[in-house]
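Asks: Fold the following.
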Amino acid sequence: MKVLVVDDEEDVRFVAEVSLGRVGGMTVVVASGGVEGLQLARSEHPDFILLDMMMPGMDGLTTFHALKADPQTADIPVIFLTAKGLAPDTEHLGAKAVILKPFDPMTLASDIRKILES
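Replies: Numbering: from 1, shown residues only. You can find the predicted model right below:
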């Protein structure tokens with residue numbers, strides 16, 4: 001399973017990469033922002049995207065809308081990652097779920113697998 005992690009915080013990208021890659025056995029591709037995330041989503045065709053909501057420049061919601069508008073990336077499941085609580089209609093937008101920071105690195109992969117299976 002391949003995941004694209006899009007987050008502007010280097011520490012979060014590193015922890016997610018180790019958690020999902022080493023602990024979870026997934027192939028992890030990382031992007032530091034929305035524009036890079038869109039490019040990697042098109043070229044890497046991940047099985048899902050873990051997308052930070054609060055990023056400078058192109059924020060998570062704008063990135064999400066761009067992903068859903070592109071036929072190459074529209075079907076990729078997106079899980080939002082945020083330190084802030086989101087409005088209850090976030091899943092209404094088409095996101096699979098929301099994971100709050102800080103997350104548990106030891107259970108992140110299994111938590112995501114459960115989300116994707118539901």
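Asks: bridging residues for the most centrally placed residue in the chain?
Replies: Centrality entry for the chain: nearest residue to the mean C-alpha point is residue 50, 1.0 Å, by Cα atoms, centre = their mean. Following DSSP bridges, residue 50 is listed with bridge partners residue 5, residue 79.
Asks: right, and it touches residue 12 too?
Replies: No: the pair residue 50 / residue 12 is not scored as a contact, 9.6 Å apart, by Cβ atoms under 8 Å. The way it works is simple: take the backbone N, C-alpha and C, and place the C-beta from them, glycine included.
Asks: And the residue nearest to the centre of the chain, how close does it get to residue 15?
Replies: Counting by Cβ to Cβ, to the nearest Å, the gap from residue 50 to residue 15 is 11 Å.
Asks: again, but for residue 2
Replies: Separation of residue 2 from residue 15 (Cβ to Cβ): 18 Å.
Asks: Kindly report the same for residue 94.
Replies: To residue 15, residue 94 is 26 Å away according to Cβ to Cβ.
Asks: repeat for residue 100
Replies: Residue 100 is 14 Å from residue 15, by Cβ to Cβ.
Asks: more neighbours, these two?
Replies: In this view residue 100 and residue 15 are compared by other Cβ atoms under 10 Å, and residue 15 has more residues nearby, 18 against 12.
Asks: centre of the chain versus the one helix or strand in the chain whose mean pLDDT sits lowest, how much separation?
Replies: Least confident helix or strand, the chain: strand 97-100 with a mean of 88, by mean pLDDT, DSSP states H and E. Mean C-alpha position of strand 97-100 versus that of the full chain (Cα atoms, centre = their mean, to the nearest Å) differs by 9 Å.
Asks: how about the CA coordinates for it, as CSV?
Replies: What follows is strand 97-100, C-alpha atoms only, in CSV (Å, rounded to 0.1, in the frame of the first residue of the first chain):
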residue,chain,number,x,y,z
ALA,A,97,-11.9,10.7,7.9
VAL,A,98,-10.1,13.2,10.1
ILE,A,99,-7.1,12.2,12.3
LEU,A,100,-6.1,14.7,15.0
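Asks: Which neighbours in the sheet does that strand have, and how are they oriented?
Replies: Neighbouring strands of strand 97-100 in its sheet, by DSSP bridges, are strand 78-82 (parallel).
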